[in-house]
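Visitor: Structure, please.
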Amino acid sequence: MPSGARWLVAATASSSIGDGLALVAFPLLSLRYTHDPVLVAGVAVAQLVPGLALSLPAGVLADRWPRRAMAVGAEWVRLVGLGIFALALALGQASLVALYATVVLIGLMDQLYQAAAFASLPAMVPAGQLGKANSRLWAADVAGEQFAGQGLGGLALAASRALPFAADAVSFGASGLMVGRAIPRRPAAPEPAGGRRRLRAELGEGISWFASHRVLRLLAPLVGSFAFCQLMAVSILVLYARLSLHVSTAGYGLLMAAAAVGNVIGALVADRVSARLGAVPATVAAGAVAGLAYIGLGAWHSVAGFVGFLLLESLAVPVGSVASIALRQRIIPSELLGRVGMVFRVFLFAAMPLGALVGGLLASRVPYREVFVVAGAVQLVALAVISVRLVPLARTDQQVIDLTAEGAGASAGEGSGGVAAPAVGAGDGAGHGAGAGDGARAGDGAGVGEAAPAVGAGGAAEAGRIDLVELAGEDEGSIPG
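Guide: Model prediction:
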């Protein structure tokens with residue numbers, strides 16, 4: 001890969017280690033201030049809210065502002081915010097309100113970073129290497145966050161309340177330096193002759209382009225349904241493991257580590273699978289495998305079955321995610337990558353909390369195993385309904401590219417002001433897991449085809465919260481992605 005992409009992989013690994021530390025530390029620290037299950041679960045909700053609130057405006061800004069400066073600036077703001085919070089902890093001046101404020105700040109800056117970085121990768125690597133670049137980014141994110149970061153998060157918090165947050169701040173500082181070397185300079189979008197249009201108008205242009213593209217219009221709800229079903233399953237995973245299978249807290253952490261291994265392996269082979277099958281068929285196939293894995297989790301009531309089907313799902317998720325992300329980076333025009341990319345992400349942010357809520361409600365009324373079966377069945381039905389229309393349009397990547405070009409030509413011919421499709425690869429795109437999971441971390445996580453590293457993401461954090469879950473009888477909520 002070109003040097004810029006290698007720097008971005010290094011930046012992802014650096015920030016992901018820090019994220020893993022904080023991912024475990026935030027919910028554990030909240031227990032020092034309250035044992036109210038609603039307030040503790042609210043930490044996870046606070047991670048998701050910025051995704052719903054800022055995704056679309058962040059996409060507009062990524063198409064207006066210099067993307068390199070936007071991404072680096074977001075990292076530096078997170079460095080300062082976490083540094084202040086760590087200092088407050090060290091001085092004994094922190095509070096639950098400060099914790100919530102820090103989580104929200106990190107989430108807001110993550111949206112700005114993701115929008116800018118997603119719109120930058122095609123300018124850094126040839127079109128044919130987008131799949132490889134995204135798979136390496138995904139693997140770096142999973143390895144840093146789940147193996148190194150989460151494994152050390154609880155130990156760091158035990159040593160010092162401030163340590164995991166100070167380390168995360170340093171990781172963002174290092175990431176900012178490396179992202180500055182990774183993303184090429186790009187001037188801000190020129191101001192139109194009539195003056196800068198209002199944000200709503202520019203956002204409408206991105207939404208219109210998305211809505212006019214037949215493949216993306218079908219792919220987005222498909223990926224959203226995957227996110228919904230994954231969170232249905234993951235939201236009660238810790239309850240099923242601890243209370244039904246009687247896995248110890250330490251054992252649950254090891255099971256999540258196994259899922260992380262599956263994510264890394266899946267990420268490393270994802271570009272080859274996508275190249276062989278095509279992006280859309282690879283996404284559909286990965287969704288089918290994950291759906292069957294959920295049904296297997298419910299049908300096979302044993303620790304061996306739990307491990308096997310969890311590993312299968314973890315292998316499938318990055319394959320579909322990398323394929324979907326790389327395809328979008330190839331076909332969305334460079335000047336619209338921020339807006340259209342974030343429109344796509346809205347489907348995830350809407351689906352994830354809803355899936356977690358439905359999973360929790362079902363688990364309070366039926367055996368946990370049945371929730372997995374329902375999640376798998378819903379995913380397979382949604383897959384069948386949508387893929388009947390989607391796959392004929394996109395059996396090969398070239399077919400999608402040609403369809404994009406035809407749509408751009410028709411739009412130009414109608415004088416509609418449509419944006420012509422670029423030559424393949426003339427866009428930009430990445431993520432802090434960069435395409436590596438449209439958001440590997442709080443918010444960008446979730447189903448096959450666009451997700452944070454699947455079930456493994458947040459596994460250690462879930463294990464860290466199990467005592468509260470047992471005390472309060474509450475279902476586990478969303479995972480950070």
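Visitor: Give me the helix or strand of the chain that scores worst on average pLDDT.
Guide: Least confident helix or strand of the chain, by mean pLDDT, DSSP states H and E, is helix 466-472 with a mean of 31.
Visitor: gap between Glu358 and Val269?
Guide: If you look again at residue 358, you'll see it is Val, not Glu. 32 Å (C-beta to C-beta, to the nearest Å). (Each C-beta comes from the backbone N, C-alpha and C, glycine too.)
Visitor: I should have written Glu370 there, sorry.
Guide: Counting by C-beta to C-beta, the gap from Glu370 to Val269 is 32 Å.
Visitor: what does Ala279 give?
Guide: Ala279 is 15 Å from Val269, by C-beta to C-beta.
Visitor: now do Val373
Guide: Taken as C-beta to C-beta, the span from Val373 to Val269 is 28 Å.
Visitor: of those two, who's got more company?
Guide: Val373 (18 against 14; other C-beta atoms under 10 Å).
Visitor: tell me which element the more buried one falls in.
Guide: helix 368-390 (DSSP states H and E).
Visitor: Any regions of the stretch 151-300 of the chain where pLDDT drops low?
Guide: 151, 187-196, 249-250, 253 (pLDDT under 70).
Visitor: which stretches of it form helices?
Guide: 163-182, 199-212, 214-234, 237-239, 249-277, 279-299 (DSSP state H, counting those that start in this stretch).
Visitor: For Ala115, which of these is the nearest?
Guide: Distance to Ala115, taken as C-beta to C-beta, is lowest for helix 199-212 among the helices of the stretch 151-300 of the chain, at 11.0 Å.
Visitor: what does the closest one rub up against?
Guide: 56-57, 59-60, 63-64, 216-217, 220, 332-333, 336, 338-340, 342-344, 407, 411, 417-419 (C-beta atoms under 8 Å, 6 or more residues apart in numbering).
Visitor: and it, which residues are buried?
Guide: Glu202, Leu203, Glu205, Gly206, Ile207, Ser208, Trp209, Phe210 (16 or more other C-beta atoms under 10 Å).
Visitor: what's the angle from that helix to helix 214-234?
Guide: 90 degrees (axes from the mean of the first three to the mean of the last three C-alpha atoms, to 10 degrees).
Visitor: So what's the gap between helix 199-212 and the chain middle?
Guide: Chain-centre distance of helix 199-212: 23 Å, with C-alpha atoms, centre = their mean, to the nearest Å.
Visitor: Output it as CSV, nothing but the C-alphas.
Guide: Provided in CSV are the C-alpha atoms of helix 199-212 (Å, rounded to 0.1, in the frame of the first residue of the first chain):
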residue,chain,number,x,y,z
LEU,A,199,-26.2,23.6,4.8
ARG,A,200,-29.7,22.2,4.2
ALA,A,201,-29.3,22.7,0.4
GLU,A,202,-25.9,21.0,0.3
LEU,A,203,-27.2,18.2,2.5
GLY,A,204,-30.2,17.8,0.1
GLU,A,205,-27.8,17.4,-2.8
GLY,A,206,-26.2,14.4,-1.0
ILE,A,207,-29.5,12.9,-0.1
SER,A,208,-30.8,13.3,-3.7
TRP,A,209,-27.7,11.6,-5.1
PHE,A,210,-28.1,8.7,-2.7
ALA,A,211,-31.8,8.3,-3.4
SER,A,212,-31.2,8.3,-7.1
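Visitor: Quick one: low-confidence residue ranges for the stretch 351-481 of the chain.
Guide: In the stretch 351-481 of the chain (pLDDT under 70), the answer is 408-481.
Visitor: repeat that for 90
Guide: 352-357, 359-361, 363-364, 395-399, 401-481 (pLDDT under 90).
Visitor: re the thing from before, and the helix holding Val373, how far out from the chain middle?
Guide: In terms of C-alpha atoms, centre = their mean, the centre of helix 368-390 is set 21 Å apart from its chain centre.
Visitor: can you pull the buried residues of that helix?
Guide: Quick answer for helix 368-390 (16+ other C-beta under 10 Å): 368-369, 371-376, 378-380, 382-383, 386-387, 390.
Visitor: do stretch 62-82 as well
Guide: For stretch 62-82, by 16+ other C-beta under 10 Å, it's 62-68, 70-79, 81-82.
Visitor: Keep only those of those that are in helices.
Guide: 62-64, 67-68, 70-79, 81-82 (DSSP state H).
Visitor: Ala158: neighbouring residues, count only.
Guide: 12.
Visitor: brain fart, Val238
Guide: 26.
Visitor: That one contacts Tyr252, doesn't it?
Guide: Yes: with contacts counted by C-beta atoms under 8 Å, Val238 reaches Tyr252, the gap being 6.5 Å.
Visitor: measure the residue nearest to Ile386 when sequence neighbours are not counted to Leu89 for me?
Guide: Among residues not flanking Ile386 along the chain, Leu222 sits closest, at 4.6 Å (C-beta to C-beta, 6 or more residues apart in numbering). According to C-beta to C-beta, Leu222 and Leu89 sit 43 Å apart.
Visitor: Neighbour count: those two, which is higher?
Guide: Leu222 (28 against 22).
Visitor: Of all the residues in the helix or strand Thr12 falls within, which ones are buried?
Guide: Here Thr12, judged by DSSP H and E, is contained in helix 3-30. Within helix 3-30, the residues that count as buried by 16+ other C-beta under 10 Å are 4-30.
Visitor: was I right about Leu112 contacting Val72?
Guide: No: the pair Leu112 / Val72 is not scored as a contact, 10.6 Å apart, by C-beta under 8 Å.
Visitor: on that earlier part again, tell me which of the buried residues of helix 199-212 is nearest to Ala101?
Guide: Leu203 (27.1 Å).
Visitor: how far away is that closest one from Pro367?
Guide: For Leu203, the distance to Pro367 - C-beta to C-beta - is 44 Å.
Visitor: Quick one: neighbours of Gly320, just the number.
Guide: 32.
Visitor: With Val366 instead?
Guide: 12.
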